[in-house]
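Undergrad: Got a predicted structure plus its sequence, pasted below:
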Amino acid sequence: VIFASPIFLYWFLPATLLVYFLLPQHTTDELDPIAPRTWRNLPRWLASKTGWLTVASFVFYAWWKPIYVPLMLLSGVLDYYVGLGIGGAKSPRRRTALLTLSCAANLGLLAWFKYANFFVDTIGAASGPGAPEWMKSWEAVVLPVGISFYTFQSMSYTIDVYRGELKPIRNLGDFLCYVALFPQLVAGPIVRYADVAAELKSRTHGAAKFATGAFLFMTGFSKKVLIADVVAPSADALFGVVGDGAKATAALADPTLLEAWTGVVAYSFQIYFDFSGYSDMAAGLGLILGFTFPVNFDAPYKSESVTEFWRRWHISLSTWLRDYLYVPLGGNRRGEVRTYVNLAATMLLGGLWHGAAWTFVAWGAYQGFWLVVERAAGRRAFYSKAPRAARVALTFVITATGWVFFRAQTFDDAFRILGALYGGGGVGDHLYRVGFGAGTLLPIGLCVAALVAFFGRPSHEEAREPSLASSALVPLLFAVATLHLFFNAYTPFLYFRF
Amino acid sequence: VTLALAPILGGRYLSGPRAFAAIVAAGGFGASFMRRVEAAARRSALLYPGAALFLLVVFYPPLVDLAAPRAASAETDGGVFARTPLRGLDDGPPLTFGDWLSGEATRRMERDASGRDVAAPKAAFEEPNRLYRELLFATFDVAAKNVVVGTDGWLFWADCVRGYPQERAFLDADVAGRVLSALHELCVERGTTLIVAPVPNKETMVRGRFAPGTVPPGELYSALLGAAIRRGVPIVDLRPALASEDAWLKNDTHWTGLGARAAARRVSDFVRAATRDGEPPPEAPSSFVAFDPILRRGDLVAMLGFRPGGALDRAFHVMETPVAGYLDDGELAASAATSDVVLAGTSFSAVGAYASLIGAHLGRRVENLSAPGRGPTESLVRLLQATASGARSLPRVLVFEFPERSIQYGPRAFAVDLALALRSCGADPDFASASARTLATRTEGEGAASAPASTRGAASSLKGAIVVADPAGPIPLDGSRALALDLEAGGASVVEARVEGGDGILVGAADVAAGSGRVFVRLLRDDLSTADALRLTVRATSSTPPEVRVLSARLLERRP
């Protein structure tokens, strides 16, 4: 289920909330199927808020393809017992072996479901007609929704237990609730177990929490429907759309400078408002259900450098990569060169995490390059003396240029668009091909997106300390957004009216 | 936001810098007022009204929807939307366990087969949604996705303006051409004069009425004509007749009475030339009548989704003068009692007076099989099915009308049903203009003795078959050959012909109508092997075995 859909908004969400608030609070009994007699606690757990939330989350996940539920269950149950095992193990070797098992299982799932196609395609393309037979008859593996998130989450749990930063949980139900928690299941933020450990045991609900959560959800919903979806057609026109049949379109063959910048800026806003909108919705739903999720976006386009951008963009991923990849690699403690190598490696893998394609790797490399450059330049960065507005603008241009790799379907497309961005395709004198023209909300969408992205307060701050304007405007925008959701969907269909 | 919107709103509803200043000043006063309220209120309390609205927006629509009577919802949506997600489960074939695992069941709760949302609680959104549409249109000129608003009140159907990959035009036209070619061959065989008369898209004919930057595609119609002409299919180019703006309704996807009349003239000229019925009689003024103008809402206006009868809706209504053609008593008597000219078409033919206008030009009655809202080929398919079952025969002249736009939705919309219907008449688009060779047949054992369908799968127990062999050598089973059999199968209602290779493995099957008829079996096996001889058996669904005789067997070979 996606949040901005009628099935979620009008059926799943009200039903889940209604039952959730009717049920009693969580019990703190143990629920460990291997321990003797704790299964007797199961009915009580199922009839508690946490039990219901777990069931609802699994229904939420199963909505897409129920056949993939066992994968998530496998990852969750395995990590639960690995956590217990590590907690109870005396010898360091046993602890390390268990951790290796957890990481191998999770990364193995990820490798198979996310990267097997990529691997086969790459090798197959490299070896041409001489590719092995099984590669030629390869049937693409379907990527289960959310697998990148839940494997990272449950892995973070075992690593933290291994490091001694966490005590292992003794309630399988609660742990599955954490793994499957529907607000953050499909698009993050990557919630670490430590973030919600206390709230899984006991959490409070109240009018203020509910109101703040609803505010965040409404903010995110409006961002997604009224900004991201409105500016998307421009990016789609420039980059093309992957799809089946008539829906698929190719990227513009000869974009001009104006068209390329319009499409790239539109995509920069689309991905930000879409992704941060989802994070806001997740945080809002979490708050309504009594959980506090980490902040995931902190007005990233206001950053004055790429380094700062990565402190503000998809924070839960960048901190995850920092704590579980960059630091174990040695971080910045092993000298200048090693630091650069670590930075670049982290960004490369971060790029690959976003999607299994070389274009994502290129995007990671591009970001890593700028991080290294900025680190090497240190405080003497060549643009550090420029006024703040110029630094923000420059950072935005660097980031937006990077999105070309992220969004383009092929390197050919990417380099053609990059060429156009920097003058290779002529200036152009109209924007019709990137969605402008009569009867479109695109120009207004782009203006509002720019205003909010460059001047607006981040939504988590606004929710903590709302202004009268936002507290009045956001619910109104939410109501408009629900109507807008139907604007194009709710049309009498004419196919059978020939 | 106020500052950003001020020039837009100010420019639209107010004029001059004073209006701009007023908006900015109002924003300033508003801001100072807000600061005072914020200072006075507890911050989190500011969020409570919003939370109440959130609860209202999320809980109210499903409750209203559950309470609304099913019939009302079905009526407003044309019956295509399920009222609750669970209703969608009944839509389509029964669900299997596998469907639940694969997500098909949940998909059905959310979307129907053509991708429309069935989970939205429509009852509560009916009015707000219409108001929102009106608001968006009034403020930003933004119309529903499937309507493109042109200049001077012209409306167009978005599917025909954008969103169609041009490189597909030739492919789609070619598929259509193949089916039309099979239809043409069938008609030639049965002594019928076929006239294919596709209606061009309004969007490609009225090109001067688009806002700058909109360029509707125009290659499909030419591609269609080319695909048909290449195959010798008689096709009428209606573009010259419909080039004038008068031929099209401003607010509808269809033509005006004038357009229908011009098209009818062109089609009947074509019919007369094809049937060599002589010079057209001088057009008598009494043959046409113009009625009083009527107000027309238009299908595109309905698609805009404004409140019916509201100011915005009415702004798009247009006056139209309906035109009809009629035959005087003398002409009627002269034309046969049962018409020998049949028009099979879509809403273009069904709603206006197209058929009567063609009739007036030809001087004979035209039987109109067209039905609106049933898809581009439905009326023709029904005619072919009736022909296949022997209920009627093909007429002397068949005029087939369909809109150009029906081609662009791919084979599913245009070709598939028609191809199946053609196949039931013994014509196959894949084997149109194929080379044919008559084969030798001999009866083996007790002949093509048949078993009732209840013993399906027991064909091997039959004691005979009709053996078909090609004296020239083995028959390839790679799909490039087909068997066209003229059968006489009496004594049973529905029968099935099965063709097996020498080793008893099925290579093709087809349904056979009772009585005599053409059966078309494509010969294909997974291993693409060959067969020296083919064994034909025929089985019935009724308990009485049919009497089967093969009148002729021909082997068709597809041209590469």
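TA: In hand now; what should we look at? Note that the coordinates shown come from a computational prediction; the quantities given were computed from them, not determined experimentally.
Undergrad: Tell me which residue lies nearest the centroid of chain A.
TA: Residue closest to the mean C-alpha point of chain A, counted by C-alpha atoms, centre = their mean, is A:A187 at 4.0 Å.
Undergrad: was I right about it contacting A:S276?
TA: No. Between A:A187 and A:S276 there is no contact under C-beta atoms under 8 Å: 10.5 Å. For the C-beta atoms, the positions are set from N, CA and C on the backbone; glycine is no exception.
Undergrad: ok now stretch A:404-424, how far from the chain's centre?
TA: 24 Å (C-alpha atoms, centre = their mean, to the nearest Å).
Undergrad: now what about that stretch, what contacts it?
TA: For stretch A:404-424, contacts defined as C-beta atoms under 8 Å, 6 or more residues apart in numbering or on different chains pick out A:235, A:238-240, A:242, A:251-253, A:255-257, A:259-261, A:263-264, A:267, A:271, A:354, A:358-360, A:362-363, A:366, A:401, A:425.
Undergrad: Identify the residues contacting B:G213.
TA: A:430, A:432, A:436-438.
Undergrad: go on, B:E38?
TA: So B:E38 contacts A:467-468, B:46 (C-beta under 8 Å, 6+ apart).
Undergrad: can you do 10 Å?
TA: A:465-469, A:471, B:46 (C-beta atoms under 10 Å, 6 or more residues apart in numbering or on different chains).
Undergrad: can you give me the mean pLDDT across the helix or strand containing A:A97?
TA: Using DSSP states H and E, A:A97 falls within helix A:92-110. Helix A:92-110 shows a mean pLDDT of 90.
Undergrad: The stretch 1-150 of chain A against chain B: which residues are in contact?
TA: Neighbours of chain B within the stretch 1-150 of chain A, by C-beta under 10 Å from any C-beta of the partner chain: A:1, A:5-15, A:17-18, A:59, A:62-69.
Undergrad: redo that, cut-off 7 Å
TA: With C-beta under 7 Å from any C-beta of the partner chain as the criterion, the stretch 1-150 of chain A comes near chain B at residues A:6-7, A:9-11, A:13-14, A:63-67.
Undergrad: Taking those residues together, which two end up most distant?
TA: Spatial extent of the residues of the stretch 1-150 of chain A next to chain B (C-beta to C-beta) is set by the pair A:P14 and A:I67 at 27.3 Å.
Undergrad: out of the two, which sits in the busier spot?
TA: Each of A:P14 and A:I67 has its neighbours counted (other C-beta atoms under 10 Å in any protein chain shown); A:P14 has more, 18 against 15.
Undergrad: Pretty sure B:L63 is one of the things the more buried one touches, is it not?
TA: No. Between A:P14 and B:L63 there is no contact under C-beta atoms under 7 Å: 8.6 Å.
Undergrad: re the thing from before, for the helix holding A:A97, which positions count as buried?
TA: A:95, A:98-99, A:101-103, A:105-106, A:109-110 (16 or more other C-beta atoms under 10 Å in any protein chain shown).
Undergrad: do stretch B:368-380 as well
TA: Under the neighbour-count criterion of 16+ other C-beta under 10 Å, stretch B:368-380 has B:368-372, B:374-380 buried.
Undergrad: measure stretch A:236-254 end to end?
TA: Using C-alpha to C-alpha, to the nearest Å, the gap from the first to the last residue of stretch A:236-254 comes to 15 Å.
Undergrad: Could you tell me how many residues sit around B:C160?
TA: By other C-beta under 10 Å, 22 other residues sit near B:C160.
Undergrad: Would you enumerate the residues in contact with the nearest residue to it once chain neighbours are set aside?
TA: Nearest residue to B:C160 in three dimensions, chain neighbours excluded: B:E203, at 4.1 Å (C-beta to C-beta, 6 or more residues apart in numbering or on different chains). By C-beta atoms under 7 Å, 6 or more residues apart in numbering or on different chains, the contact list for B:E203 reads B:156-157, B:160-161, B:216.
Undergrad: Relative to chain A, how far out is B:E203?
TA: Distance, B:E203 to chain A, using C-beta to the nearest C-beta, to the nearest Å: 14 Å.
Undergrad: Show me what secondary structure element comes after the helix or strand containing that residue.
TA: In the assignment (DSSP H and E), B:E203 maps to helix B:202-205. Going down the chain from helix B:202-205, the next helix or strand is helix B:219-230, by DSSP H and E.
Undergrad: Retrieve the pLDDT associated with the closest residue to chain A within chain B.
TA: Going by C-beta to the nearest C-beta, chain A is nearest to B:G213 of chain B, at 3.1 Å. If you check B:G213, the pLDDT there is 72.
Undergrad: Can you report how many residues neighbour residue 394?
TA: Because you didn't say which chain, this covers chain A. Residues within reach of A:L394, counting by other C-beta under 10 Å, total 16.
Undergrad: Please refer instead to chain B.
TA: Using other C-beta under 10 Å, B:L394 has 20 neighbouring residues.
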